[in-house]
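[1] Here is a sequence together with a model predicted from it:
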Amino acid sequence: MNLITLAGISFTAETSYDTLLSEFRDIVTLTASIYPQLIASSENSALYHFDLGVIPALYLVGSRCRNREVRGAAIDLLFSRPYREGIWDSLAVAQISNWLRSLEEAGGSKYIPEERRAFLTSADVDLYHRRAKLYATQRGGPRQEDLVFSETFVQW
């Protein structure tokens with residue numbers, strides 16, 4: 001996760017994340033191997049996990065990986081059971097990632113070109129009421145200099 005985050009600092013195009021597919025795949029594979037135990041350990045417990053764990057990593061896959069299989073597996077894990085780590089809520093992150101995916105895959109083709117790649121620009125998340133107002137931006141126009149803004153409201 002740190003490698004992807006650090007590499008992303010220098011990326012000028014969303015398509016640059018495509019070179020990190022093996023890292024995204026590793027995150028999903030490793031998370032899938034421990035996620036059931038993490039969830040089981042938190043069920044029926046008054047304990048609150050303050051440590052950051054797998055949810056931020058799964059969000060990174062859900063929002064930056066455009067491989068359908070890997071991204072879908074990350075989103076499916078997030079939707080599988082309610083789980084929280086610090087301020088990270090699995091169902092909120094799943095909704096955000098799923099919405100970004102729906103914006104990008106609206107055209108139906110397997111490859112998502114730069115102009116359809118969406119990035120979250122703002123999120124007003126209310127964890128208590130389980131809802132969020134989300135805003136995203138996509139590049140458009142012939143030279144990808146025009147911006148297309150989208151917004152939605154999600155609940156979980």
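    Good, I have the coordinates. Numbering: from 1, shown residues only.
[2] Now the phi/psi pair for the closest residue to residue 66 other than its chain neighbours, please.
    Setting aside the residues directly before and after it, residue 66 is nearest to residue 112 in space (C-beta to C-beta, 6 or more residues apart in numbering), at 4.7 Å. Glycine gets a C-beta too; all of them are placed from N, C-alpha and C. When read as degrees, to the nearest 10, the backbone of residue 112 gives phi -100, psi 110.
[3] Just the pLDDT at residue 112, thanks.
    The per-residue pLDDT reported for residue 112 equals 94.
[4] what about it, distance to residue 61?
    Using C-beta to C-beta, to the nearest Å, we find residue 112 at a distance of 15 Å from residue 61.
[5] still on that earlier bit, I'd say the residue nearest to residue 66 and residue 68 touch.
    No - contact between residue 112 and residue 68 fails when scored by C-beta atoms under 8 Å: they sit 9.2 Å apart.
[6] Could you pull out the residues contacting both of these two?
    Overlap between the neighbourhoods of residue 112 and residue 68 consists of residue 105, taking contacts as C-beta atoms under 8 Å, 6 or more residues apart in numbering.
[7] So those two - more neighbours on which side?
    Taking other C-beta atoms under 10 Å, residue 112 and residue 68 do not tie; residue 112 has more neighbours (22 against 13).
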